[in-house]
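> whatever this is, show me its structure:
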Amino acid sequence: TNLSVQYGKSGLWSVVGTLDQNDLSYSLPSVRTQNNAEQSSQSVRVYYSPSDLLRFGVGPRFVKTDYPYRTINKKVEDTNLDFSSDWRVTGLSSLNALLSLRDTKYTDRNGQSSSKDSVTGSLGWVYTPRGAVSYSANVSRKTNSDRFNGGVAGLASVTTDYITNTIGLGARWQTTAKVT
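From the prediction side, this is the model:
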C-alpha cells in the first residue's frame, strides 16, 4: 500500500511525501520463520529544478521492519538521508543517481540492540538514438537494509550483514507499437 502527495508540479521547487506499508507472508514454516515481515516507511523529499532538464532532490526516509518469527534482528529501523539527481543530458540520453546515507538499528527479542552505518546508491544511464533500440547501463550498491529484494532463498535468510554490488547492461528493441 502506498500513498504519495506532491506539492508543486513544475517550477523551481516541489515537495513529495510518501507513506508505504508492505507485508510479506510465506506459508511454508521453514521459510516463514526467517522471512515473514511487516514494513512501513515514511519519507519527505524536496526537489529543486533549475531547468526542465535537471532536478535535484534531498530528504529523510524512515523505514521500520518487524520480523514476527525471528529472535535475532526481530526489529530493524533505518534512518536514511537520500540525495537524488535526474538529468536529461540530451534529447537522446538521460542520467539518474541516488546516494543514501543510512543508519540501521537492529533489536532482538530481548531488547538488545546494535547499529550500523552504511552508504548505498545507484547510477543509471539510458541512451536512445534514432530508431527502435535504446541502451541502458546501471550500477547499484545495496545492503540487507534494502529489504524485500532477496527472495525466499536470498541471503537475508542466512546472514544479517551483506552488501550487493550490481552492474547491469541492457538493450530494448521496440519492433512495433505493441511489441517490445
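
> can you pull the buried residues of the helix-or-strand element of the chain with minimal mean pLDDT?
When the helices and strands of the chain are compared on mean pLDDT, DSSP states H and E, helix 29-35 comes out lowest with a mean of 78. The neighbour-count check on helix 29-35 (16 or more other Cβ atoms under 10 Å) flags 34-35 as buried. From N, CA and C alone the C-beta is placed, and that goes for glycine too.

> and the next element down the chain from it?
strand 37-51 (DSSP states H and E).

> and that next one, how far out from the chain's middle?
10 Å (Cα atoms, centre = their mean, to the nearest Å).

> just checking: what are the partner strands of that strand?
strand 13-24 (antiparallel), strand 54-66 (antiparallel) (DSSP bridges).

> for these, give me CSV that also has mean neighbour count, distance to residue 7 and mean pLDDT.
Output for the strands paired with strand 37-51, formatted as CSV (neighbours: other Cβ atoms under 10 Å; distance: least, Cβ to Cβ, whole Å; pLDDT from 0 to 100):
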stretch, mean neighbour count, distance to residue 7, mean pLDDT
strand 13-24, 14, 5, 92
strand 54-66, 16, 13, 93
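
> report the separation between residue 100 and residue 141.
9 Å (Cβ to Cβ, to the nearest Å).

> tell me which of these two has more neighbours.
Neighbours per residue (other Cβ atoms under 10 Å) separate residue 100 from residue 141, with residue 100 holding more: 21 against 17.

> residue contacts, that one?
61, 80-83, 119-121 (Cβ atoms under 8 Å, 6 or more residues apart in numbering).

> among the residues you listed, which pair sits farthest apart?
61 and 119 (14.1 Å; Cβ to Cβ).

> which strands and helices lie in contact with the least confident helix or strand of the chain?
In terms of contacts (3 or more Cβ pairs under 8 Å, 6 or more residues apart in numbering; DSSP states H and E), helix 29-35 is packed against no helix or strand at all.

> figure out how far that helix is from the centre of its chain.
Distance, centroid of helix 29-35 to centroid of chain: 24 Å (Cα atoms, centre = their mean).

> ok, stretch 17-34 next?
With Cα atoms, centre = their mean, you get 17 Å for stretch 17-34.
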